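K.L.:
Give me a 3D structure for the following:
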Amino acid sequence: MAKEKNPAISVIIPMYNAEKYLEECLDSLLNQTMKDFEVIVVNDCSTDKSLEIAERYMNNGKWQHRFAVIQMSKNCGRPGIARNFGIDAAKGKYIYFLDSDDFIDETVLETLYFVAEKFNADVVHAKLGFEYKEIDGKFQNAFIDMETADMIEEPTLETSNIGKRIETNIAYHYTLMVWSKIFRREFLIENDIKFPAIACSEDHIFSTMALICAKNYVRMPFIGYHYRRHSGSVTRTKPFLDVLLLDLIEGFYFLDNFLQKQKFFTENPTYRYLTLDNFYQMFAPLISKNIFFKHDFEIGEAYNFYREIFSINPPKNLPLISYLFASTNIYKMLVQQQATEIEQLKNALSELQKK
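P.N.:
Predicted coordinates:
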């Protein structure tokens, strides 16, 4: 009996309590114009009917036995860990990540695969996609694009100069969400590219490592992902400041340890700093929002909170945390200054109206 050929693409879906949207996600895969792919759903111990729905799709003959559900032994609340399990189980030449509450257009896999093969690419980087915001129980669709570079007209091979890649990525705010990309599986394995065990911004670190290591990195103007922003998303349910700060520390050192193993960064330490700083700059708004707007700390008080959390190993974390709290305190002062100026303008306008 002939051995079954490995699929062209492995679609990895981390899943936790996604019963409300999972069918739309999986239907978008069933409707793909390209059929040579497998689906790996990693269930992070869902407590709703998500697993029941996934198993029903798995038993659908249309998948041709290329649908698997991996059950994690306990809930970790870290989508990166679930994705790592999926990578280990994958057999496809390329890996594509899809979140269980999102969906994609019918030509996404075919288009990304065609470009990857044409350029012998390690990574193909598409435009971000469409965002569905939940407002009063209803979803409103809007194109999202945080990148400031001009839209390219056709797939374009990125420079092989790592320094230039880093500079361009920072300058033009290229998105580092993993679901806007396709990755060659052997490339990820060869370079030991994995997700860190953090709940926020794990894809930023993963995509940064891929950007650094890829021999052929291709950008393309294609748009086909539909991202759903709702109150149940992981990034919308992080109420604990200590967890958020610990994620920052763990993510920072996970990325730094990776950079230190790369010859380019030992020879060019400035780019190591730029890469780490870019990660922090991305994380800073989350920290600022949680410290000052959710917890209502006064200026300077947050440092006392830091001492309680990070007293275990202060010499290691002190430079990063000093940077963190200096910048967040400055941010708070700027916000307060802006609020004061707005109030002064309102008062001035009110006086003019009285006259």
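K.L.:
In a helix, Leu245, correct?
P.N.:
Yes - the assignment for Leu245 by DSSP: H, G, I helix; E, B strand; the rest coil puts it in a helix.
K.L.:
pLDDT score for it?
P.N.:
If you check Leu245, the pLDDT there is 72.
K.L.:
That one - how many residues pack around it?
P.N.:
23 (other Cβ atoms under 10 Å). Backbone N, C-alpha and C define where each C-beta goes, glycine included.
K.L.:
and what of Leu128?
P.N.:
Other residues close to Leu128 by other Cβ under 10 Å number 18.
K.L.:
ok, now which ones touch the closest residue to Cys45 other than its chain neighbours?
P.N.:
Spatial nearest neighbour of Cys45, excluding adjacent residues (Cβ to Cβ, 6 or more residues apart in numbering): Asn75 at 4.0 Å. Asn75 makes contact with 16, 44-45, according to Cβ atoms under 8 Å, 6 or more residues apart in numbering.
K.L.:
Return the member of these nearest to Pro221.
P.N.:
Proximity of these to Pro221 (Cβ to Cβ) peaks at Tyr16, which lies at 32.5 Å.
K.L.:
Quick check: the gap between the closest one and Ser50.
P.N.:
Going from Tyr16 to Ser50 by Cβ to Cβ, to the nearest Å gives 7 Å.
K.L.:
who touches both of the two?
P.N.:
By Cβ under 8 Å, 6+ apart, Tyr16 and Ser50 have these common neighbours: 43, 100.
K.L.:
packing partners for whatever helix or strand Tyr271 lives in?
P.N.:
Assigned by DSSP states H and E, Tyr271 falls within helix 269-288. Helix 269-288 makes packing contacts with helix 162-171, helix 202-213, helix 241-260, helix 263-267, helix 314-354 when contacts are defined by 3 or more Cβ pairs under 8 Å, 6 or more residues apart in numbering; DSSP states H and E.
K.L.:
And stretch 224-244, end to end?
P.N.:
In stretch 224-244, first residue to last residue: 31 Å (Cα to Cα, to the nearest Å).
K.L.:
Let me fix that, I meant to ask about stretch 75-95.
P.N.:
Stretch 75-95 has an end-to-end distance of 24 Å (Cα to Cα).
K.L.:
in this protein, which ranges drop under the pLDDT threshold?
P.N.:
Within the chain, the segments meeting pLDDT under 70 span 1-3, 130, 132-146, 230-242, 284-338, 355.
K.L.:
May I have stretch 10-27 exported as PDB, CA atoms only?
P.N.:
The C-alpha coordinates for stretch 10-27 follow below in PDB (Å, rounded to 0.1, in the frame of the first residue of the first chain):
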ATOM      1  CA  SER A  10      -0.900  22.300   8.100                       C
ATOM      2  CA  VAL A  11      -3.500  24.700   9.500                       C
ATOM      3  CA  ILE A  12      -3.000  25.000  13.300                       C
ATOM      4  CA  ILE A  13      -5.900  26.200  15.400                       C
ATOM      5  CA  PRO A  14      -5.500  26.800  19.200                       C
ATOM      6  CA  MET A  15      -9.000  26.400  20.700                       C
ATOM      7  CA  TYR A  16     -10.600  27.400  24.000                       C
ATOM      8  CA  ASN A  17     -14.300  27.900  24.500                       C
ATOM      9  CA  ALA A  18     -14.900  29.000  20.900                       C
ATOM     10  CA  GLU A  19     -18.300  27.300  20.400                       C
ATOM     11  CA  LYS A  20     -19.900  30.600  19.300                       C
ATOM     12  CA  TYR A  21     -17.600  31.100  16.300                       C
ATOM     13  CA  LEU A  22     -15.900  27.800  15.600                       C
ATOM     14  CA  GLU A  23     -18.200  26.600  12.900                       C
ATOM     15  CA  GLU A  24     -17.700  29.700  10.900                       C
ATOM     16  CA  CYS A  25     -13.900  29.200  11.300                       C
ATOM     17  CA  LEU A  26     -14.000  25.600  10.100                       C
ATOM     18  CA  ASP A  27     -16.400  26.300   7.300                       C
END
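K.L.:
Can you give me the buried ones in it?
P.N.:
Buried residues in stretch 10-27, counted by 16 or more other Cβ atoms under 10 Å: 10-19, 21-22, 25-26.
K.L.:
Now do the contacts for the closest residue to Phe103 other than its chain neighbours.
P.N.:
Of all residues not flanking Phe103 in the chain, Ser28 sits nearest, at 3.8 Å (Cβ to Cβ, 6+ apart). By Cβ under 8 Å, 6+ apart, Ser28 lies in contact with 103-106.
K.L.:
Where strands are concerned, which of the residues you listed count?
P.N.:
The members of the contacts of Ser28 that map onto strands under DSSP state E are 103-104.
K.L.:
Now rank the contacts of Ser28 by neighbours and give me the top one.
P.N.:
Neighbour max across those (other Cβ under 10 Å) = Phe103, 25 neighbours.
K.L.:
now that one: how far from Glu202?
P.N.:
21 Å.
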